[in-house]
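> show me how the following folds:
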Amino acid sequence: MTQTEPSIGGETIPIEWSAEADADLMRRLAGGEVRALDVLVKRWSARLSSYFYRLTGDSGEVDDLVQETFIRVHGARDGWAGGGNFSAWIHTIARRLAMDRARTMRRKPVMRASDRAVPAGQTTTLFGRIPDNAPTPYACASRLELLAIMEEALRAIPEIYREAVVLCDLQQLSYEEAGEVLRVPAKTVSSRLARGREALRQAMAAYRSGVL
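Numbers count the residues shown, from 1 in each chain. Model prediction:
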């Protein structure tokens, strides 16, 4: 008997679908099995949330952008090439959405990590998405200060380098996958990533030496 679990829409999903590759789930979706999208949503939502926040710095837009990404994934289900790289493909959709939003909406003031309301005894992980217990108030304050510096340093990097850092170091895409998203050769991604990392290194070195 096939095991099932509830889907986002209230229907059940065969439990074995959770182990299927993204490409196989897309083929199911293209074949009319809409529940396959629920599996993709569960698998990719947190990662896309982090991507949008790291790219835009606007937590208020993240949920809408993630939802719109999956709407576009569903809309493009028939045209998706089953032999393609799903990670690069969905990040390409996400990047286009972020760029469209930046062109059509006035950016809200960026909220720094140190400005966010955080429950007592907790900090947040980088870019504020996942709770993380802090052992002492001092450690909590120090971590928040470091997070604020890291966020500001990342956003101070020119976009052309920031995208490479976000895609490769934070989203864990390969140079080839990031190149597919950015439409540049892998060698160009490597060059941009090196310059972005160096800019971050200098910013963090200044922080540790007390310059910032």
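> wait, what's in contact with Ala98?
Phe52, Leu55, Thr56, Leu65 (CB atoms under 8 Å, 6 or more residues apart in numbering). Bear in mind the C-beta positions are built from the backbone N, C-alpha and C, glycine included.
> now the two most distant members of the residues you listed.
Leu55 and Leu65 (9.3 Å; CB to CB).
> the more surrounded of those two?
Neighbour totals were compared for Leu55 and Leu65, and Leu55 leads with 26 against 21 (other CB atoms under 10 Å).
> what about the closest residue to that one other than its chain neighbours, which helix or strand?
Excluding its sequence neighbours, the residue lying closest to Leu55 (CB to CB, 6 or more residues apart in numbering) is Ala98, at 5.1 Å. Ala98 is part of helix 86-104 when elements are defined by DSSP states H and E.
> quick check: mean pLDDT of that helix?
For helix 86-104, mean pLDDT rounds to 90.
> and that helix, what's buried?
Buried residues in helix 86-104, counted by 16 or more other CB atoms under 10 Å: 86-95, 97-98, 101.
> all strands of this protein, in order?
4-6, 12-14, 122-124, 131-133 (DSSP state E).
> confidence-wise, which of those is weakest overall?
strand 122-124 (a mean of 37).
> low-confidence stretches in the protein?
1-11, 14, 81-83, 105-148, 207-212 (pLDDT under 70).
> ok, now which ones touch Trp89?
Trp80.
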